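[1] this is a predicted model, with the sequence first.
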Amino acid sequence: NKNGSGISGSGTNRGGDGIGILFHPGDPKVVGGKGGAIGIGGVPNGFGFKFDTYWNRNDSNAADAWAVKDPKTNAAGESLELKSFGAFVKNRADNAAETVVEAGTADPKLIGEPDGNTFKPMELKYTAATKTLTVTYEGKTWSRSIADWITQDELSFAISAST
């Protein structure tokens, strides 16, 4: 379990892309993609969670970006356009980071826009018995079994920020 503070910046969907929490079965020195990839995209078999503070309307087309455009809505039909949100992320076969949109506790949820370069508490919890990753932030909770994403017992872990 990891508790800490996260998400800083200022503005409304005009600043950095956000913060990514990455797990992957490879070398811990691997660096993920910039921009909308939030350090997760570009990493083989990478997955995790992102606090996305810049809604990307297009797929990243730079060779080193590795990101799929952000979804317009979550599974509940709530608009994500031009808003900050938290969501699980899974890299596709081409290593492009893609936001996971699925009904229930894993669905993307809106978060407050960054304001005044302040930090807010967050909690990251992994329950080994059920292979469930849970993130709590701003009184909201995201939870998902990641058993289908884990390809081996040992994983590298990273936290990144991107602009």
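    Cool, the structure landed. Numbers count the residues shown, from 1 in each chain.

[2] give me the most central residue, the chain.
    Residue closest to the mean C-alpha point of the chain, counted by CA atoms, centre = their mean, is residue 50 at 1.8 Å.

[3] quick one: mean pLDDT for stretch 145-156?
    In this model, stretch 145-156 carries a mean pLDDT of 94.

[4] in that stretch, what's buried?
    146, 149, 155 (16 or more other CB atoms under 10 Å). All C-beta spots, glycine's among them, are computed from the backbone N, C-alpha and C.

[5] got it, and stretch 97-117?
    Quick answer for stretch 97-117 (16+ other CB under 10 Å): 97-101, 106-109, 111, 113-114.

[6] report the contact partners of the residue nearest to the centre of the chain.
    18-21, 38, 40, 86-87, 89, 97, 99 (CB atoms under 8 Å, 6 or more residues apart in numbering).

[7] closest to residue 142 among those?
    residue 86 (6.0 Å; CB to CB).

[8] OK, contacts around the closest one?
    49-52, 108-109, 111, 135, 137, 140, 142 are the contacts of residue 86 under CB under 8 Å, 6+ apart.

[9] that one sits in which helix or strand?
    With elements taken from DSSP states H and E, the one containing residue 86 is strand 85-91.

[10] mind checking the SS state of the residue nearest to residue 131 when sequence neighbours are not counted?
    Once flanking residues are discounted, residue 131 sits nearest to residue 147: 4.0 Å by CB to CB, 6 or more residues apart in numbering. Secondary structure for residue 147, judged by DSSP: H, G, I helix; E, B strand; the rest coil, is coil.

[11] you'd agree residue 147 is up against residue 129?
    No. When contacts are counted by CB atoms under 8 Å, residue 147 is not listed as touching residue 129 (10.9 Å).

[12] if we can go back for a sec, next SSE downstream of the strand holding residue 86?
    Counting by DSSP H and E, the element after strand 85-91 in chain order, helix or strand, is strand 97-99.

[13] any idea which element the nearest residue to residue 76 once chain neighbours are set aside lies in?
    Spatial nearest neighbour of residue 76, excluding adjacent residues (CB to CB, 6+ apart): residue 107 at 5.9 Å. Using DSSP H and E, residue 107 is not contained in any helix or strand.
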